[in-house]
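K.L.:
show me the folded form of this:
(one chain, ligands or ions: 1)
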Amino acid sequence: MTTSERDKNHFYTEVSHDAVDTRHQGAISMPVYQSSLFAFESHQKFDEAMQDVLAASVYSRGNNPTVMYLEEKIALLEGGESARCFASGMGAISAVIFALVGSGDHIICVDQAYGPTRELLADMSARFNVEVTFIDGKDTQGFADAIRPNTKMFYLESPTSGLFEMQDLPALASLAKAHGIITAIDNSWATPYFQKPLAMGIDLIMHSLTKYFSGHSDSLGGVVVGSRELIGLIGHRSYLNLGAAMAPQTAALITRGLRTLPLRLERHQASALKIAKHLASKPDVVRINHPGLEGYPQKELAERQLTGYGGLFSFVTRHSVEKMKQWATDLNYFRIGVSWGGYESLVTVGSAPPQLNADGGTPSSVRLYIGIEDPDELIADIERNWAKLYEPTLEGQAL
Ligand SMILES: *Cc1c(COP(=O)(O)O)cnc(C)c1O
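P.N.:
This is a model prediction of the structure:
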């Protein structure tokens, strides 16, 4: 068995096993502490707890036992010392940036990072005297060239969730360390089951727990994982004071989702690879953005950094956006919608980015999220109306 196979098997033990916890009467499932505050038997005990409201349960915006249980579990899975859960992925991301980047600082951010993250940084640079450089994440030397004396953070997302491009994480981590720069990565796509950025030298990991951790499209959540020191700083500067705390009911739902995370990811991985390979055989699909396929431009890096692949990928077709939108509307099993990471397959269609333009025509870009349905039924669904893409449109006939 390889190290990676052993680690993956151990991951199943980590999501399932808890030490016996007598604080909760031996409850197997962590109870939901549906309480905004916690009372103390003496004022002395209250005063002691008030010394660190992030460590003790005093008030649920600072520390709720049900949320803390989930935080400890995710820290364990990522191999981090500490974690903090938030009301959404963006709650976690904005708290990290707000806590660690201030007036006069400079951030280097991957240009394909999640849209709202880029908007947040662009807005900060316009209004808060924070400089931001957006950079092609594939270009490690570009990061080195962009470093300034006031560079505070590398903001990474690998693979990115639109084009699925990767960054060389160990190389960027050591470059950052040499310059005293903090590295933060959005690891939502891969999860700790397929990628462990802390082990590669990255300082902080963020997740949208809304996606795979929840796994059931019924809750929003976010998390940041890292050293006790950095998480403590984020805790005091932004977790407590910006107030995007996770609700205890949500923590219980996401804890329930987490129990089956590796089981689900194996299924998403296998089905998505099968469907991506099917699409790759089509002459009118000009490019597939999936790190697990032969021909992926960063294949060597993907094999070095990832131990598997999620269920979200995209492809570019020669057909127009309008035709592909009609094809998507006619699908049976794929629902049209944002987000991903749940049990159900999803599709969205947009214009292909200019750098991916197929020769001639106005190509379209399709993002698929592969759920846990039968992959052969999903392929049949994709095929059912594919031939219609070749039927001339009314405008086509007029020409
Ligand atoms: C969804 C998503 C986020 C934001 O998470 P929310 O829970 O929606 O706030 C951040 N990064 C990536 C890659 C995402 O897909």
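K.L.:
pLDDT weak spots in this protein?
P.N.:
354-361, 393-399 (pLDDT under 70).
K.L.:
show me where it has strands.
P.N.:
82-86, 106-110, 131-135, 151-157, 182-186, 204-208, 222-226, 285-289, 312-317, 335-336, 346-351, 364-369 (DSSP state E).
K.L.:
remind me what the second one packs against, helices and strands.
P.N.:
What it means is strand 106-110. Applying 3 or more CB pairs under 8 Å, 6 or more residues apart in numbering; DSSP states H and E, one finds that strand 106-110 makes contact with helix 115-127, strand 131-135, strand 151-157. For the C-beta atoms, the positions are set from N, CA and C on the backbone; glycine is no exception.
K.L.:
apply 6 Å and report the result again.
P.N.:
strand 131-135, strand 151-157 (3 or more CB pairs under 6 Å, 6 or more residues apart in numbering; DSSP states H and E).
K.L.:
okay, buried residues for the first one please.
P.N.:
Counting neighbours by 16 or more other CB atoms under 10 Å, one finds that the buried residues in strand 131-135 are 131-135.
K.L.:
what's the spacing between that strand and its chain's center?
P.N.:
Mean-position distance between strand 131-135 and its chain equals 21 Å (CA atoms, centre = their mean, to the nearest Å).
K.L.:
next: stretch 23-34.
P.N.:
Relative to the mean C-alpha coordinate of its chain, stretch 23-34 is positioned 28 Å out (CA atoms, centre = their mean).
K.L.:
gap between the two ends of it?
P.N.:
In stretch 23-34, first residue to last residue: 16 Å (CA to CA, to the nearest Å).
K.L.:
same question, stretch 275-286
P.N.:
By CA to CA, one end of stretch 275-286 lies 15 Å from the other end.
K.L.:
would you mark the buried spots in it?
P.N.:
275-276, 278-279, 285-286.
K.L.:
these two touch, right, Phe46 and Phe40?
P.N.:
Yes - if you go by CB atoms under 6 Å, Phe46 and Phe40 touch, sitting 3.9 Å apart.
K.L.:
Ser365 contacts Thr348, correct?
P.N.:
No - Ser365 is beyond contact range of Thr348, at 9.0 Å (criterion: CB under 6 Å).
K.L.:
who's more crowded, the two?
P.N.:
Between Ser365 and Thr348, Ser365 has the larger neighbour count (other CB atoms under 10 Å), namely 21 against 18.
K.L.:
who does the residue in the stretch 151-300 of the chain positioned nearest to the ligand bridge with?
P.N.:
Taking CB to the nearest ligand atom, the ligand has its nearest neighbour within the stretch 151-300 of the chain at Ser208, 3.0 Å off. With DSSP bridges as the criterion, Ser208 is bridged to Gly222.
K.L.:
for Trp327, which non-adjacent residue is closest in space?
P.N.:
Distances taken as CB to CB, 6 or more residues apart in numbering put Asn385 closest to Trp327, at 5.5 Å, once the chain neighbours are dropped.
K.L.:
do Gly226 as well
P.N.:
Using CB to CB, 6+ apart, the closest residue to Gly226 is Leu204 (4.2 Å).
K.L.:
now swap in Leu253 and tell me
P.N.:
In space, Leu253 is closest to Ser219, 4.6 Å off (CB to CB, 6+ apart).
K.L.:
do Met124 as well
P.N.:
Using CB to CB, 6+ apart and skipping the chain neighbours, the partner closest in space to Met124 is Val130 (4.5 Å).
K.L.:
enumerate the residues of the chain near the ligand.
P.N.:
88-90, 114, 161, 186, 188, 208, 210-211, 220, 222 (CB under 6 Å from any ligand atom).
K.L.:
closest one to Glu377 out of those residues, please.
P.N.:
Closest approach between the residues of the chain next to the ligand and Glu377, by CB to CB: Lys211, at 23.1 Å.
K.L.:
need the contact list for the closest one.
P.N.:
188, 340-341 (CB atoms under 6 Å, 6 or more residues apart in numbering).
K.L.:
save those residues as JSON lines, and put in neighbour count too.
P.N.:
Listed next are the contacts of Lys211 as JSON lines, based on neighbours: other CB atoms under 10 Å:
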{"residue": "Ser188", "neighbour count": "26"}
{"residue": "Trp340", "neighbour count": "26"}
{"residue": "Gly341", "neighbour count": "29"}
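K.L.:
show me what residue of this structure gets nearest to the ligand.
P.N.:
Here the chain gets closest to the ligand at one residue, Gly89, 2.3 Å apart by CB to the nearest ligand atom.
K.L.:
which one is that residue nearest to, not counting chain neighbours?
P.N.:
Spatial nearest neighbour of Gly89, chain neighbours left out: Ser208 (2.8 Å); criterion: CB to CB, 6+ apart.
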